[in-house]
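# mind looking at a prediction? Sequence and model below.
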Amino acid sequence: CVLKASQKRRPLSRLLEQLLRNLEKRDPNQFFAWPVNDNFAPGYSTIIRRPMDFSTIKQKIDDNEYKSLNCFISDFKLMCNNAMKYNKPGTVYHKAAKRLLHIGLRQLTPQKLRPLGAILT
Ligand SMILES: CC(=O)c1cc(-c2ccccn2)c2ncccn12
């Protein structure tokens, strides 16, 4: 029988795609959906050396660039910390990033991930 595309995916990729979907739900305004555009954010590409956003993370999953869960978590943190660096405290983007980082990391604790255990060893 022919496996569906999703079943062909590597176990880690399928896990990361699920975790990504859960994180994206916490960004209802889609502030983090796409790379930040210098036209909206003056000087962004000079201030932020390593930009990151959900679409880039998704592409890296599809390209099997993540060799571990920790690499995925690092990019998620990078994305949030970039926003807290570029945007001043009190701005909608800074507040959204702080909240997303907190909620996201709570979803990525060992306790929450243990049920998926086998994949991560
Ligand atoms: C995430 C972030 O820093 C961000 C997203 C955006 C954004 C997100 C969606 C549409 C337009 N802009 C933004 N605009 C100005 C300054 C910062 N930002």
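That came through fine.

# Y66 touches R14, doesn't it?
No. Using C-beta atoms under 8 Å, Y66 makes no contact with R14, being 11.9 Å away. C-betas here are computed from N, CA, C, even on glycine.

# neighbour-wise, which of the two wins?
Y66 (20 against 16; other C-beta atoms under 10 Å).

# hmm, the longest helix out of those in the chain touching the ligand?
Using DSSP state H to define each element, the chain has its longest helix at helix 69-86. Yes. Applying C-beta under 6 Å from any ligand atom, one finds helix 69-86 in contact with the ligand at A83, Y86.

# what is that helix packed up against?
Counting contacts by 3 or more C-beta pairs under 8 Å, 6 or more residues apart in numbering; DSSP states H and E, helix 69-86 is packed against helix 11-24, helix 44-47, helix 54-62, helix 92-107.

# contacts for it?
12, 15-16, 19-20, 23, 31-32, 36, 41, 44, 47-48, 50-54, 56-57, 60-61, 65-66, 93-94, 96-98, 100-101, 104-105, 108, 113, 120 (C-beta atoms under 8 Å, 6 or more residues apart in numbering).

# alpha carbons of stretch 91-107, as CSV, please.
Presented in CSV, the C-alpha positions along stretch 91-107 are these (Å, rounded to 0.1, in the frame of the first residue of the first chain):
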residue,chain,number,x,y,z
THR,A,91,4.5,48.1,22.2
VAL,A,92,2.0,45.6,20.9
TYR,A,93,4.7,43.5,19.3
HIS,A,94,6.9,43.4,22.4
LYS,A,95,4.0,42.4,24.6
ALA,A,96,2.9,39.8,22.0
ALA,A,97,6.4,38.3,21.9
LYS,A,98,6.8,38.2,25.7
ARG,A,99,3.4,36.4,26.0
LEU,A,100,4.1,34.0,23.1
LEU,A,101,7.5,33.1,24.5
HIS,A,102,6.0,32.3,27.9
ILE,A,103,3.1,30.3,26.6
GLY,A,104,5.2,28.6,24.0
LEU,A,105,7.9,27.4,26.4
ARG,A,106,5.2,26.2,28.8
GLN,A,107,4.0,23.9,26.0
